[in-house]
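Visitor: build me a structure from this.
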Amino acid sequence: MQRRHILTAAVCGLAATPVAARDRDDQDRARAALAAGEIRPLADILAEVERRYLGRVIEVELDREDGRWVYDLKLLPPSGRVFELEVDAMTAAPLRSKGQVQERR
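Guide: Numbering: from 1, shown residues only. Next up, the predicted model:
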């Protein structure tokens with residue numbers, strides 16, 4: 001039993017440094033993409049998404065998929081059921097959704 005705790009502590013200790021480094025790398029990549037004009041500012045994308053859909057954005061990730069920058073968003077609508085939405089990071093055009101997407105009228 002004690003062995004398992006030591007192994008868990010060792011694995012957690014080793015994992016802490018790469019996660020912090022990865023976060024820094026992600027921020028650097030996002031800044032570089034913004035500076036290069038490959039993506040729009042996140043604030044612009046969030047405003048557009050919240051104008052179009054009912055709910056508040058509660059989580060955001062920026063990924064590079066098939067040569068395109070994509071924001072993966074989680075929205076919390078008034079219904080309380082979280083849904084996921086992928087939008088193009090340059091145009092804010094919806095690419096995919098998962099769950100009940102509620103558009104504003």
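Visitor: every contact and neighbour count from this point should use C-alpha atoms.
Guide: OK.
Visitor: break this protein down into its structural domains.
Guide: 1-37, 40-105 (automatic domain parsing).
Visitor: need the winner for burial among those domains.
Guide: Burial of the domains of the chain is given as mean neighbour count (mean count of other C-alpha atoms under 10 Å); domain 40-105 ranks first at a mean of 16.
Visitor: what is the mean pLDDT for that one?
Guide: Taken as a whole, domain 40-105 has an average pLDDT of 91.
Visitor: residue nearest the centroid of this protein?
Guide: E61 (1.5 Å; C-alpha atoms, centre = their mean).
Visitor: mind listing what it touches?
Guide: Taking C-alpha atoms under 8 Å, 6 or more residues apart in numbering, we find E61 in contact with 71-73.
Visitor: residue boundaries of the helices in this structure?
Guide: In the chain, the helices defined using DSSP state H lie at 2-35, 42-52.
Visitor: hmm, back to that, among the contacts of E61, name the ones in strands.
Guide: Mapping these onto strands (DSSP state E) picks out 71-73.
Visitor: ok, those residues vs P41, which is closest?
Guide: Y71 (11.0 Å; C-alpha to C-alpha).
Visitor: doesn't E59 make contact with that closest one?
Guide: No: Y71 is not in contact with E59 according to C-alpha atoms under 8 Å; the separation is 10.0 Å.
Visitor: list the beta-bridge partners for V70.
Guide: Beta-bridge partners for V70, by DSSP bridges, are D63, D88.
Visitor: distance check, it against G37.
Guide: Here the criterion is C-alpha to C-alpha, to the nearest Å. By it, V70 lies 14 Å from G37.
Visitor: can you check S79 too?
Guide: In this structure, S79 and G37 are 36 Å apart, going by C-alpha to C-alpha.
Visitor: what about W69, distance to R104?
Guide: Applying C-alpha to C-alpha to W69 and R104 gives a distance of 25 Å.
Visitor: got the contact list for L73?
Guide: 57-61, 84-87.
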